[in-house]
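Engineer: What would the 3D arrangement of this be:
(one chain, ligands or ions: 1)
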Amino acid sequence: MNISKSKELFSKAQNFIPGGVNSPVRAFRAVGGEPLFIKKADGAYLYDEDGNKFIELINSWGPMLLGHNHPMVKEAVINAMEDGTSFGAPTAREVEIAELIVSMVPSIEKVRMVNSGTEATMSAIRVARGFTGRDKFIKMEGHYHGHGDSFLIAAGSGAMTMGDPDSPGVTKGTAKDTLIALFNNLETVEELVAANPGEIAALILEPVPGNMGLCLPKQGYLQGLRDICTREGIILIFDEVMTGFRLAKGGAQEVFGVTPDMTTLGKIIGGGMPVGAYGGRREIMEFVSPAGPVYQAGTLSGNPIAMAAGLTMLKHLNSNPAVYDELNHIGSTLADGIKSINKELGFDYTVNRIGSMYSLFFTSEEVYDFETAKTADTVLFGKYFQAMLKRGVYLAPSQFESLFLSTALKDELIDQILSAHKEAMVEILGL
Ligand code: PMP
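Structural biologist: Numbers count the residues shown, from 1 in each chain. Got it, this is the predicted structure:
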C-alpha cells in the first residue's frame, strides 16, 4: 500500500503539532506504523491522501451513525450556512433540538448544549456539586469522560492506551475529590459511600463502557447503582456520549430501563459537528446559570450550523425506529461472523457486542471490567489492526476502544470485512 503522502504529512505535522495529531489515539502509537491522513469520507468509506480506500468501522468515533457525508445532513448544513455561521444569540433551532432531546431521552427534562463531550461531563459534575453542596464524586476505573482534570484519574481510551492514566498537570487537590470504583462491582461503590458519608455529590459512569474496549453491565448492576444513589442523595450521571442515540433513541438508559438523574451526550447529537449536551431532572438543571447559581457558558454553544446538523440527525432517528433494527442486524452479522471464523480457526477470543458497538479482545477471558480488559494481548491486536488495514478495513487503532458501525455497512461490505478478518487471523497467528 502506498502511503507516501501520509508519511510526508505526518513528518511535517510533527514539526508543528504535538505528536503530529490533534488527539492522541490518532497517532497509531498503540498499533505501530504511521497514521493515515484522510482526505474525504463517504458512506462506509474513508479515502486517504494517497487515494487508498477503506471500509471503516470507527465512524469518527461514533457520530456518523448513518455513514459519512449523509445527503440529508449535508443539505441541512449548507442551508444553515446561507444565513451565517454564528450569532452568539438564541435561535429557533436550539429550542427545537432541546424539545426533541427531552422527548427522546428518558432522564432529561431540561438540557444545555455545549461543544464537546468533555464540556458536557465537566459541566454536569459542577452542577451536581452545586446542587448537592458536596465536593467528591465517584468514577469507574477505565471509564473515559473526556479530558477534564478531575476525570483523568484511572481513565480509559487514549489515556489507557498511552499507559499514562494519571496525567501530569492534574493537581493532587483535584485528584483527591475523584473516588474510583470498579465497574460491575457494587461492593466497591458501597465501600466508598461508607468511607465518605454525606460527601459524595455524584456517581458518573458509562452505562455501557466503550473506552476500555466494549464491556456490558451485568444484570442488575445499573439498577443497583440507581438504588445506592437514591438512598444516599447522590446524583447518578450516565455518560452517554457514545451510547446516546446509538443503542436506542433514548440511549442505554432506555435499553436497560434505568433512569439516571443527569445524562451527558455528544457525538451523534452533532451529526458530525462539534456538539455536546448535558441534561437531567428539572430541579437540578434549574441550578444552571442564568436560571440558577452554577455558572456555565459558551461563545459557540448552540452554534446554528452544528444545531442544523444535529437536529436533522435526531429528527431522522426519532421518526425512523427501524434504524435501530438495521444497526442491530449489522452488528450481530459482523460480530457473530467474527466469532464463528475464530472458532473455525480454533480460537475463542472474546467478542463483546451491543447493537452497533463491538470489540474483539485478544483474550479468551470474559471481559467485563478494566482488569479483565487488560488481559488482552495488545501486541497481537496491533498486528491484527495492520493486517486488516492492508486488506482495506480501517479499525480503531487501539485494543481498548469500541468499534462504531453505521447503516452504510451493507451486507456485501460485511462479507468483505469477514473475508479480511479470516485472512488477517491466518496471517497474524501463522496458521
Ligand atoms: N465521554 C465519553 C463516554 C466518551 O467516549 C468521550 C469521547 N470519546 C467523551 C466523554 C469526551 O468527548 P469529546 O471527545 O467530545 O470531548
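Engineer: how about the residues of the protein that lie near the ligand?
Structural biologist: When proximity is defined by Cβ under 6 Å from any ligand atom, the chain lies next to the ligand at 61, 116-118, 121, 144-146, 157, 206, 211, 239, 241-242, 266, 276. C-betas here are computed from N, CA, C, even on glycine.
Engineer: Of those residues, which belong to strands?
Structural biologist: Within the residues of the chain next to the ligand, residues falling in strands by DSSP state E are 239, 276.
Engineer: and of the residues of the chain next to the ligand, the nearest to the ligand?
Structural biologist: Closest approach between the residues of the chain next to the ligand and the ligand, by Cβ to the nearest ligand atom: G117, at 2.2 Å.
Engineer: Out of the residues of the chain next to the ligand, show me where the pLDDT dips lowest.
Structural biologist: Note: of these, the lowest pLDDT belongs to S157, at 70.
Engineer: Quickly note the distance from it to F347.
Structural biologist: With distances taken as Cβ to Cβ, to the nearest Å, S157 is found 26 Å from F347.
Engineer: Please apply the same query to I101.
Structural biologist: 43 Å.
Engineer: which of the two has more neighbours?
Structural biologist: The neighbour comparison of I101 against F347 (other Cβ atoms under 10 Å) goes to I101, with 24 against 14.
Engineer: I'd like the next helix or strand past the helix or strand where the more buried one lies.
Structural biologist: Taking DSSP states H and E as the definition, I101 sits inside helix 92-104. For helix 92-104, the following helix or strand on the C-terminal side (DSSP H and E) is strand 110-114.
Engineer: What are the boundaries of the helices in the stretch 201-350 of the chain?
Structural biologist: Along the stretch 201-350 of the chain, counting by DSSP state H, counting those that start in this stretch, helices occupy 221-232, 251-256, 282-285, 304-319, 322-345.
Engineer: For S86, find the nearest of those helices.
Structural biologist: helix 304-319 (6.8 Å; Cβ to Cβ).
Engineer: now the angle from that closest one to helix 322-345?
Structural biologist: On the basis of axes from the mean of the first three to the mean of the last three Cα atoms, to 10 degrees, helix 304-319 is oriented at 80 degrees to helix 322-345.
Engineer: elements contacting helix 304-319?
Structural biologist: helix 71-81, helix 92-104 (3 or more Cβ pairs under 8 Å, 6 or more residues apart in numbering; DSSP states H and E).
Engineer: Now do that helix against helix 92-104, angle only.
Structural biologist: Angle, helix 304-319 to helix 92-104, by the same axes, to 10 degrees: 30 degrees.
Engineer: which residues sit against helix 304-319?
Structural biologist: Residues from elsewhere that reach helix 304-319, judged by Cβ atoms under 8 Å, 6 or more residues apart in numbering: 65-66, 72-73, 75-77, 79-81, 83-87, 91, 93-94, 96-97, 100-101, 103-104, 113, 115, 245, 249, 268-275, 300, 323.
Engineer: Can you add mean pLDDT and distance to A291 and give the helices and strands packed on helix 304-319 back as CSV?
Structural biologist: Converted to CSV, the helices and strands packed on helix 304-319 look like this (pLDDT from 0 to 100; distance: least, Cβ to Cβ, whole Å):
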stretch, mean pLDDT, distance to A291
helix 71-81, 98, 27
helix 92-104, 98, 13
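Engineer: possible to save the helices of the stretch 201-350 of the chain as TSV with mean pLDDT?
Structural biologist: Converted to TSV, those look like this (pLDDT from 0 to 100):
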stretch	mean pLDDT
helix 221-232	98
helix 251-256	98
helix 282-285	98
helix 304-319	98
helix 322-345	98
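Engineer: E412: which of those is closest?
Structural biologist: Using Cβ to Cβ, the nearest of the helices of the stretch 201-350 of the chain to E412 is helix 322-345, at 11.4 Å.
Engineer: For the helix or strand that that closest one is followed by, what does the pLDDT average out to?
Structural biologist: Helices and strands here follow DSSP H and E; after helix 322-345, the next one along the chain is strand 350-354. When pLDDT is averaged along strand 350-354, the result is 98.
Engineer: which helices and strands does strand 350-354 pack with?
Structural biologist: Here strand 350-354 touches helix 322-345, strand 357-361, going by 3+ Cβ pairs under 8 Å, 6+ apart.
Engineer: if I look at M273, how far off is the ligand?
Structural biologist: Noted for M273: a distance of 11 Å to the ligand, by Cβ to the nearest ligand atom, to the nearest Å.
Engineer: Using neighbour counts, trim the residues of the chain next to the ligand to the buried set.
Structural biologist: Those of the residues of the chain next to the ligand that meet the buried threshold are 61, 116-118, 121, 144-146, 157, 206, 211, 239, 241-242, 266, 276, by 16 or more other Cβ atoms under 10 Å.
Engineer: Looking at the residues you listed, which one is closest to M357?
Structural biologist: Nearest to M357 among these: M242, at 7.3 Å, using Cβ to Cβ.
Engineer: pLDDT wise, what is the residue lying closest to the closest one once chain neighbours are set aside at?
Structural biologist: Nearest residue to M242, sequence neighbours excluded (Cβ to Cβ, 6 or more residues apart in numbering): G210, at 4.7 Å. Note on G210: pLDDT of 97.
Engineer: what do you get for H143?
Structural biologist: As predicted, H143 sits at a pLDDT of 96.
Engineer: Quick check, it in contact with A155.
Structural biologist: Yes - when contacts are counted by Cβ atoms under 8 Å, H143 is listed as touching A155 (7.3 Å).
Engineer: what's the overlap in contacts for those two?
Structural biologist: N211.
Engineer: And for the helix holding I101, what's in contact with it?
Structural biologist: With Cβ under 8 Å, 6+ apart, helix 92-104 has contacts from 80, 108-111, 113, 245, 249-250, 265, 269, 277, 279, 302, 304, 307-308, 310-311, 314-315, 317-318.
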